[in-house]
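>>> Here is a sequence with its predicted model. Questions after.
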Amino acid sequence: MDTSSLIRALRDKPYDLLVALDRRGRSATAAPGEQAAPDREWVGVAWRMAGEAYLVAREETREVLPYPNQLTRVPGAKAWVKGLANVRGALLPVIDLRAFLGSGPTPLTRNTRLLVVNHRDVPAGLMVDEVLGFRRFTDGEFSGNAPPTIVRCERFVAGAFRRGPEAWPVLSLRLLVENPGFLDAAA
């Protein structure tokens, strides 16, 4: 069966149709006699802080939560520790990421969210301006050189993905939460 007939036969199977179209497109763009090798895909959570867009790896993020209605203040904690939130019966420290990085407090709006870190030893909900959802990139779009950022978080940036004129710095949550300055939350 030729490719056109196969595609017509798959019109009622949308997933199989997309796979067939992808194979057809890859084979059409491959050099003669060369099999098209698919690039590996990287998936991350896109978010904003101080007007800039960032990414964190999907594997480093447990979940995204709305900013909690109630927080319990932690006496003797640094100003960037906003408090403790009760999330489904577990206590979650809420950290103002922007304040931790030395760029002032994050304004609380209806778009403010918590990125919950997926780390076995350090639970933390990082307060960010807004979460934009998942973004997918290929390995070819990655660069080890990250652009300078407004909030000066370069020590935690593990490179950037570039697509057209946009650069998306990748913040390493593992580097962040294992940093001695982050672990020393006492004032």
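Now that the structure is in, tell me what you want to look at.

>>> all helices of this protein, in order?
All helices of the chain, identified by DSSP state H, fall at 3-9, 14-29, 97-100, 173-177, 180-183.

>>> what helices or strands is the third one leaning on?
Helices and strands touching helix 97-100, by 3 or more CB pairs under 8 Å, 6 or more residues apart in numbering; DSSP states H and E, are strand 125-128. C-beta coordinates here come from the backbone N, C-alpha and C atoms, glycine included.

>>> Go ahead and name everything in contact with the strand it packs on.
With contact meaning CB atoms under 8 Å, 6 or more residues apart in numbering, strand 125-128 is reached by 47-49, 65, 67, 82, 85, 87, 92-98, 106, 112-117, 173, 176.

>>> what does stretch 98-114 give?
Residues from elsewhere that reach stretch 98-114, judged by CB under 8 Å, 6+ apart: 47, 49-50, 64-68, 79-80, 85, 92, 94, 96-97, 125-131, 150-153, 181-182.

>>> buried set for stretch 68-76?
Residues of stretch 68-76 classed as buried: 68, 71, 74 (neighbour count, 16 or more other CB atoms under 10 Å).

>>> Same question for stretch 148-159.
For stretch 148-159, the neighbour count (16+ other CB under 10 Å) marks 149, 151, 153, 156-158 as buried.

>>> What of stretch 98-114?
Neighbour counts over stretch 98-114 (16+ other CB under 10 Å) mark 98-101, 103, 106, 112-114 as buried.

>>> how much distance is there from it to the middle of the chain?
How far stretch 98-114 lies from its chain's middle: 16 Å, per CA atoms, centre = their mean, to the nearest Å.

>>> Stretch 44-59 now?
Using CA atoms, centre = their mean, the offset of stretch 44-59 from its chain centre is 4 Å.

>>> Same question for stretch 145-164.
In terms of CA atoms, centre = their mean, the centre of stretch 145-164 is found 13 Å from the chain centre.

>>> For it, output the C-alpha coordinates as PDB.
Extracted C-alpha coordinates of stretch 145-164, given in PDB (Å, rounded to 0.1, in the frame of the first residue of the first chain):
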ATOM      1  CA  ASN A 145      25.200  29.300  26.900                       C
ATOM      2  CA  ALA A 146      22.300  31.000  28.700                       C
ATOM      3  CA  PRO A 147      21.500  34.700  28.200                       C
ATOM      4  CA  PRO A 148      21.900  37.100  31.200                       C
ATOM      5  CA  THR A 149      18.700  37.400  33.300                       C
ATOM      6  CA  ILE A 150      17.200  40.300  35.100                       C
ATOM      7  CA  VAL A 151      17.000  38.400  38.400                       C
ATOM      8  CA  ARG A 152      20.600  37.300  38.200                       C
ATOM      9  CA  CYS A 153      20.000  33.500  38.600                       C
ATOM     10  CA  GLU A 154      22.800  32.400  36.300                       C
ATOM     11  CA  ARG A 155      24.400  30.200  39.000                       C
ATOM     12  CA  PHE A 156      21.300  28.000  38.800                       C
ATOM     13  CA  VAL A 157      20.800  28.100  35.000                       C
ATOM     14  CA  ALA A 158      21.800  24.900  33.100                       C
ATOM     15  CA  GLY A 159      21.700  26.400  29.600                       C
ATOM     16  CA  ALA A 160      18.900  27.600  27.400                       C
ATOM     17  CA  PHE A 161      16.700  26.400  24.500                       C
ATOM     18  CA  ARG A 162      16.600  28.700  21.500                       C
ATOM     19  CA  ARG A 163      13.800  28.900  19.000                       C
ATOM     20  CA  GLY A 164      14.000  31.700  16.600                       C
END
